[in-house]
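*Asks:* Here is my input; please provide its structure:
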Amino acid sequence: MFIIIPVGHESNEVRRLPWITFGIMAICLIAHVFLSMDVGAKEEKLGSSAEEYITYYFNHPYLELNPEIKNLMFSGANEERLEAMLAAYQQMVPRPDRTTVAQEQERLDQLGTALLGSINDFPYRKWGYIPADRSLLALLTYMFIHGGWLHLLGNLLLLYITGPFIEDLWGRPIYAAFYLTVGALSALMYASHYPHFTGPLIGASGAIAGVMG
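*Replies:* Residues are numbered from 1 along each chain as shown. Next up, the predicted model:
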């Protein structure tokens, strides 16, 4: 595997300041700072909700898991193997009477609703693009969200090296429209290959790759 890190450009001068490129970089940086704080605040709540739900289920394995949570928890797992594992575990715990089961199922469902609320309120899922749950707004917001400082700084480096020259050549309106369009198209292409993927797609890589191309 080879990594190409650009260190220069055949043209090292631009006629005007690349305000669009600098603006995109600034938005990505500001968004990352604020989302990092939001992630820190909501991570503990999500972990607590997930632990409570999972603990309650494994203490009562004869109950029905929420299908959406089950898909999120075991995404990518072999479905037949998973069902066999859960069925084997269910046999280890005696099933109580119907009234008790109904009450326990209601409690598990309440915990599941709280967990889904915490999951969907998590910043990366809130602003990222999820192929299995497509959002027009997320087609725009996902390209300004990054998963860490290395992810962010790597993308900003590539944009800084390539973006100003394309912006200077094409002009600001066309460049801005092109950047947003290829960013949205890259997400749609990913979704077409992985339509059932439930994780959030984040980062400016698709848009920057379009600019570099």
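*Asks:* next helix or strand past the helix or strand where Met189 lies?
*Replies:* Using DSSP states H and E, Met189 falls within helix 172-193. As assigned by DSSP H and E, the chain's next helix or strand after helix 172-193 is helix 205-212.
*Asks:* quick one: that following helix to helix 172-193, angle?
*Replies:* For helix 205-212 against helix 172-193, the angle by axes from the mean of the first three to the mean of the last three C-alpha atoms, to 10 degrees is 130 degrees.
*Asks:* which helices and strands does helix 205-212 pack with?
*Replies:* Helices and strands touching helix 205-212, by 3 or more C-beta pairs under 8 Å, 6 or more residues apart in numbering; DSSP states H and E, are helix 149-170, helix 172-193. C-beta: built from backbone N, CA, C; applies to glycine.
*Asks:* For Val101, which of these is the nearest?
*Replies:* Closest to Val101 of these is helix 172-193 (C-beta to C-beta; 39.0 Å).
*Asks:* do you know which of the helices and strands packed on helix 205-212 lies nearest Leu116?
*Replies:* Closest to Leu116 of these is helix 172-193 (C-beta to C-beta; 21.4 Å).
*Asks:* May I see the buried residues of that closest one?
*Replies:* 175-176, 178-180, 182-184, 186-187, 191 (16 or more other C-beta atoms under 10 Å).
*Asks:* Just to check, Leu72 is in contact with Phe197?
*Replies:* No - assessed by C-beta atoms under 8 Å, Leu72 is found out of contact with Phe197, at 11.1 Å.
*Asks:* for the chain, longest helix please?
*Replies:* The helix spanning the most residues in the chain, taking DSSP state H as the definition, is helix 19-59.
*Asks:* pLDDT averaged over stretch 174-194, what's the number?
*Replies:* What stretch 174-194 shows for mean pLDDT is 94.
*Asks:* For that stretch, which outside residues touch it?
*Replies:* When contacts are defined by C-beta atoms under 8 Å, 6 or more residues apart in numbering, stretch 174-194 is touched by residues 20-21, 24, 129, 131, 134, 138-140, 142-143, 163, 166-167, 170, 197, 201, 204-207, 209-211.
*Asks:* any idea how far the most far-flung residue of the chain relative to its centre lies from Pro61?
*Replies:* The C-alpha centroid of the chain is most remote from Asp97, which lies 41.4 Å away (C-alpha atoms, centre = their mean). Distance from Asp97 to Pro61, counting by C-beta to C-beta, to the nearest Å: 16 Å.
*Asks:* ditto for Val39
*Replies:* 32 Å.
*Asks:* swap in Leu158?
*Replies:* Applying C-beta to C-beta to Leu158 and Pro61 gives a distance of 48 Å.
*Asks:* Those two: which is more packed in?
*Replies:* Set Leu158 next to Pro61 and count neighbours by other C-beta atoms under 10 Å: Leu158 wins out with 19 against 16.
*Asks:* For that one, which non-adjacent residue is spatially closest?
*Replies:* Of all residues not flanking Leu158 in the chain, Ile208 sits nearest, at 5.2 Å (C-beta to C-beta, 6 or more residues apart in numbering).
*Asks:* thought the one you found was touching Leu152?
*Replies:* No - the criterion here is C-beta under 8 Å, and Ile208 misses it with Leu152 at 11.7 Å.
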